[in-house]
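>>> sequence and computational prediction follow.
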Amino acid sequence: MTPETPAVGILKRNDWGDTKMYHIPCSCCGEDCAHNVWVEADNHSVTVTTHTQQKSKFWSMNRFKIIWRLLTKGYIEYEASIIMTEQQTVNYANALLDAVKDVKEFKQAKNAKAN
């Protein structure tokens with residue numbers, strides 16, 4: 001499979017030159033398990049950050065166990081997943097490769113102008 005342009009299942013939300021933001025919806029149910037991905041270039045490296053919104057059925061869980069875990073560990077564990085079609089996966093991988101290349105080049109050009 002080859003990457004598509006425009007890419008199915010990959011939405012570029014913003015482009016600030018040294019930072020790009022993408023929205024990747026899940027193929028199963030919609031916005032409940034979508035991912036937001038940020039690709040950023042700073043002075044030292046390029047980073048990729050994935051954001052997901054975690055939800056729980058708090059009312060159906062044992063509240064005392066949750067409170068105990070929170071008090072003893074300091075956090076509560078949740079899990080997130082995303083289901084993508086084959087084409088969406090290829091587009092996702094290509095979008096990341098392109099974004100890393102673009103933000104790196106933008107940052108290098110910006111640094112070259114500053115010097």
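Arrived safely, thanks for sending.
>>> every contact and neighbour count from this point should use C-alpha atoms.
Fine.
>>> tell me how many other residues surround residue 41.
Under the neighbour criterion other CA atoms under 10 Å, residue 41 is assigned a count of 23.
>>> same question, residue 75
12.
>>> chain neighbours aside, what residue packs nearest to it?
Setting aside the residues directly before and after it, residue 75 is nearest to residue 69 in space (CA to CA, 6 or more residues apart in numbering), at 7.0 Å.
>>> name the helix or strand for that neighbour, please.
helix 63-73 (DSSP states H and E).
>>> tell me which stretches of the chain form strands.
Taking DSSP state E as the test, the strands found in the chain are 11-15, 19-26, 30-41, 46-52.
>>> closest one to residue 86 among the ones you listed?
When the strands of the chain are compared for distance to residue 86 using CA to CA, the nearest one is strand 19-26, at 12.4 Å.
>>> which parts of the closest one are buried?
Under the neighbour-count criterion of 16 or more other CA atoms under 10 Å, strand 19-26 has 19-26 buried.
>>> picking that back up, how far does the helix holding residue 69 sit from the chain's center?
Per CA atoms, centre = their mean, to the nearest Å, the displacement of helix 63-73 from the mean C-alpha position of its chain is 29 Å.
>>> also stretch 77-93?
Stretch 77-93 sits 10 Å away from the centroid of its parent chain (CA atoms, centre = their mean).
>>> go ahead and name everything in contact with the helix or strand bottoming out on mean pLDDT in the chain.
The helix or strand with the lowest mean pLDDT-type score in the chain, counting by mean pLDDT, DSSP states H and E, is strand 30-41 (a mean of 83). For strand 30-41, the surrounding residues in contact (CA atoms under 8 Å, 6 or more residues apart in numbering) are 18-26, 46-53, 80-82, 96, 99-100, 103-104, 107.
>>> same question for stretch 14-22.
Contacts with stretch 14-22, where a contact means CA under 8 Å, 6+ apart, come from 10-13, 36-42, 99, 102-104, 106-107.
>>> which of those residues are buried, as a ChimeraX select command?
Buried members of those, identified by 16+ other CA under 10 Å, are gathered into one ChimeraX selection as follows:
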select :10,11,12,36,37,38,39,40,41,99,102,103,104,106,107
